[in-house]
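Undergrad: Quick one: sequence plus predicted model below, questions after.
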Amino acid sequence: MTYEKRVVGTRVLLLAAGAAFLEIAPRIGLVDSLTLVPLSKMITTLGVQLASGELWSHLGYTGSSILISFVLATVSGVFLGYLLWRNSRVRRALEPYLTSYYALPVFAFYPVLVAMFGLNRTPVILLAWIYALVAVITNTAIGFDSVRQVHLKAARVYQLSRWQTLFRIQIPAAAPYVFTGLKLAVTYAVIGVIASEFILATQGLGWLVSFTYNSFALSEMYAAIVLIMSLAVVITAGLSLIERRLWRRGRGA
C-alpha cells in the first residue's frame, strides 16, 4: 500500500469513527440528548430543510459573503505581499505586527464598522476580509523569498524584463506558498463570516445557528452546522483541486 493510500485510509477511518460517535453517543446516553442529537437526525433535518427551500437563502447569503471576502483578501493580499517582499525595510518594521496579528481580537472592531457602514452585510464582509488578509500577505512574501537566485540570474542572462521575470519565474515559484495562504485565508474567511453573522446579521447560516440555539431547536441548529462544515470542505477541496491542476499543467509545460 502506497503512502497516499494509507493517508486516505486513515482519513476515512477517522471520519467513520467521528460519524459513529455522533450517531451512537446520544442514543446510548453517553452524551445528553438535549445537548447532541444523532448524526442521522442532523442529516435528515438538513435534507428536509434543503428540500423545502428554507435554507437556500441563508446559504446564498453566507456563501456570497465568504466568496467576496475571500476574493478581496486574495487580490489585496497577493498585491500587498509582493510589495512587502520588494521593500525589506517596511517588512522588517511590520513583521512583529504580522506575526502577532491573529492574537488580536479582530471582532472587537465590529461596533466601529457598524457605526461606519450600518447593520448590513458590509461589516460582515470587512471583518472576514481583515481576518483572512494577513495569511495571504505573509505567505505571498515567503513565496517570493523562495525563488532561487540561479533562476533570477538565468532571467538576467536571457535579458527578461521585470514583468517577464515576474510572470515566468517568480510567480510560478511562489505559487505553492501563495496557495497555502489562500487555503488559510478561505478558512479564516469562513470563520470570519460565520462568527460575524452571529452578532451582526439578520440572516445567513451563522445567524441561523444562533437563532435555532436560542430557540432550543437542536436538530435545526446541528443541520445548519453540518451545512457550514460541508461548505467549508467543498471550498477547501475546490482550492486543492485548482492547485493540483495548475501544478500538473505547469509540469506538463
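TA: Perfect, thanks for sending it.
Undergrad: roughly how far apart are S146 and V114?
TA: Using Cβ to Cβ, to the nearest Å, we find S146 at a distance of 40 Å from V114. Bear in mind the C-beta positions are built from the backbone N, C-alpha and C, glycine included.
Undergrad: Which one of those two is surrounded by more residues?
TA: In terms of neighbours (other Cβ atoms under 10 Å), V114 is the more surrounded of S146 and V114; the figures are 15 against 11.
Undergrad: any idea how the protein splits into domains?
TA: 1-36, 37-251 (the TED database).
Undergrad: Now render those as JSON lines, adding mean pLDDT.
TA: Formatted as JSON lines, those follow (pLDDT from 0 to 100):
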{"stretch": "domain 1-36", "mean pLDDT": "83"}
{"stretch": "domain 37-251", "mean pLDDT": "87"}
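Undergrad: Out of the ones you listed, indicate the one that is most buried.
TA: domain 37-251 (a mean of 17; mean count of other Cβ atoms under 10 Å).
Undergrad: Work out for me the element I171 sits within.
TA: helix 171-200 (DSSP states H and E).
Undergrad: now that helix, how far from the chain's geometric center?
TA: Chain-centre distance of helix 171-200: 4 Å, with Cα atoms, centre = their mean, to the nearest Å.
Undergrad: what does stretch 217-231 give?
TA: Here stretch 217-231 shows a centroid-to-chain-centroid distance of 18 Å under the convention Cα atoms, centre = their mean.
Undergrad: one step back: the helix holding I171 - contacts with which helices or strands?
TA: helix 56-86, helix 110-117, helix 121-145, helix 205-214, helix 218-252 (3 or more Cβ pairs under 8 Å, 6 or more residues apart in numbering; DSSP states H and E).
Undergrad: That helix relative to helix 56-86, how many degrees between them?
TA: 130 degrees (axes from the mean of the first three to the mean of the last three Cα atoms, to 10 degrees).
Undergrad: how about W129, what does it touch?
TA: Counting by Cβ atoms under 8 Å, 6 or more residues apart in numbering, W129 makes contact with 69, 72-73, 76, 189, 192.
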